[in-house]
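Student: here is the input, now give the coordinates:
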Amino acid sequence: MRRVRLTSGLQLLELWSATAGQIQRNQVYEALFDIADGRAAELYEVVVGARGRELVVAVRPDLLVKVCFTSPSTFGLRYIGTPGDPAGSDVG
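Tutor: So this is what the prediction gives:
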């Protein structure tokens, strides 16, 4: 199993975490670990983005995480939020 590292988007994670509930934070952190471990497709509904390097992970029906693989060994966090949020309008 190939592991990848989260190398960007940490400020986004920090900002989002400040307003999210504990359960949501735990779910997103777990999903990020699962992405890093290469297990996200086994555990979540995952959609590959139009550019092929992006993944949208449905952590739960009302919570998405979008990441972009910046190299074969790294990924960055691009979006955390609800499917209908205008800030995530390019998700998918």
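Student: let me see the ranges of the strands in this protein.
Tutor: 5-8, 45-48, 54-60, 63-71, 74-81 (DSSP state E).
Student: start and end of stretch 2-21, how far apart?
Tutor: This stretch, stretch 2-21, spans 31 Å end to end (C-alpha to C-alpha, to the nearest Å).
Student: hmm, I was thinking of stretch 37-49
Tutor: End-to-end distance for stretch 37-49: 19 Å, by C-alpha to C-alpha.
Student: where are the low-confidence patches of this protein?
Tutor: Within the chain, the ranges that satisfy pLDDT under 70 run 1, 50, 86-92.
Student: which elements pack onto the biggest helix by length in it?
Tutor: Secondary structure of the chain per DSSP state H: the longest helix is helix 22-37. On a contact count with 3 or more C-beta pairs under 8 Å, 6 or more residues apart in numbering; DSSP states H and E, helix 22-37 meets strand 5-8, helix 10-19, helix 40-43, strand 54-60, strand 63-71, strand 74-81. For every residue, glycine as well, the C-beta is placed using N, CA and C.
Student: packing partners for the first one?
Tutor: Counting contacts by 3+ C-beta pairs under 8 Å, 6+ apart, strand 5-8 is packed against helix 22-37, strand 63-71, strand 74-81.
Student: so what strands line up beside the second one?
Tutor: Translated: strand 63-71. strand 54-60 (antiparallel), strand 74-81 (antiparallel) (DSSP bridges).
Student: among these, which is nearest residue 6?
Tutor: Closest of the strands paired with strand 63-71 to residue 6 is strand 74-81, at 6.0 Å (criterion: C-beta to C-beta).
Student: what angle separates that closest one from helix 22-37?
Tutor: For strand 74-81 against helix 22-37, the angle by axes from the mean of the first three to the mean of the last three C-alpha atoms, to 10 degrees is 150 degrees.
Student: got the buried residues for strand 74-81?
Tutor: Across strand 74-81, burial judged by 16 or more other C-beta atoms under 10 Å covers 75-81.
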